[in-house]
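Participant: return a 3D structure for these sequence lines:
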Amino acid sequence: MQTSSDIRWSDGRTEPDILSERREGDVVELELVARADLFQFQGHFPGEPVLPGVAQVDWAARLARRYLGIEGAFEKMGQIKFAKLILPERALRLRLEWQREKGRVSFLFSDNGELCSSGHFVLADR
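Facilitator: Down below sits the predicted model:
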């Protein structure tokens, strides 16, 4: 029998469930759920899983590309803040804003109106 600790990154689920999408110009808001069976919760931490910050940054970058059509490499990140732990099965909101004039994408994860994490990415070709 395969246990969660036996799951490799390539075999496990790595992205949240997207429940809804709202778009207005260069801003998209996604409602999502970080399911308990996601690979990122494996071993972080046994008995008290939390979503690692690196997973939050990865999701923000991936979902910005997908939902805002961002192309090109991100050169750097800035103003990364982690304010509240993200636990499994929580309904979250992710706000992504494409700031074209600055060549950057800002993100903000929140849980029931409380800030979980935020920051921005700058495109390399600026």
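
Participant: what mean pLDDT does the helix or strand hosting Ser110 have?
Facilitator: In this structure, Ser110 sits in strand 104-111 according to DSSP states H and E. What strand 104-111 shows for mean pLDDT is 97.

Participant: show me what it is packed up against.
Facilitator: Using 3 or more CB pairs under 8 Å, 6 or more residues apart in numbering; DSSP states H and E, the elements in contact with strand 104-111 are helix 53-68, strand 91-99, strand 114-123. In short, each C-beta sits where N, CA and C put it, glycine included.

Participant: what does the second one contact?
Facilitator: Surrounding strand 91-99, the residues in contact under the criterion CB atoms under 8 Å, 6 or more residues apart in numbering are 16, 19, 26-34, 59-60, 63-64, 67-68, 70, 86, 105-112, 116, 120.

Participant: give the ChimeraX command for selecting the buried subset of those.
Facilitator: Burial among the contacts of strand 91-99 is assessed by 16 or more other CB atoms under 10 Å; the matching ChimeraX selection reads:
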select :16,28,29,30,32,34,59,60,63,64,67,68,70,86,105,106,107,108,109,110,111,116,120
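
Participant: columns distance to Leu38 and mean pLDDT on top of the helices and strands packed on strand 104-111, output as JSON lines?
Facilitator: Rendered in JSON lines, the data for these read as follows (distance: least, CB to CB, whole Å; pLDDT from 0 to 100):
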{"stretch": "helix 53-68", "distance to Leu38": "8", "mean pLDDT": "95"}
{"stretch": "strand 91-99", "distance to Leu38": "12", "mean pLDDT": "97"}
{"stretch": "strand 114-123", "distance to Leu38": "15", "mean pLDDT": "96"}
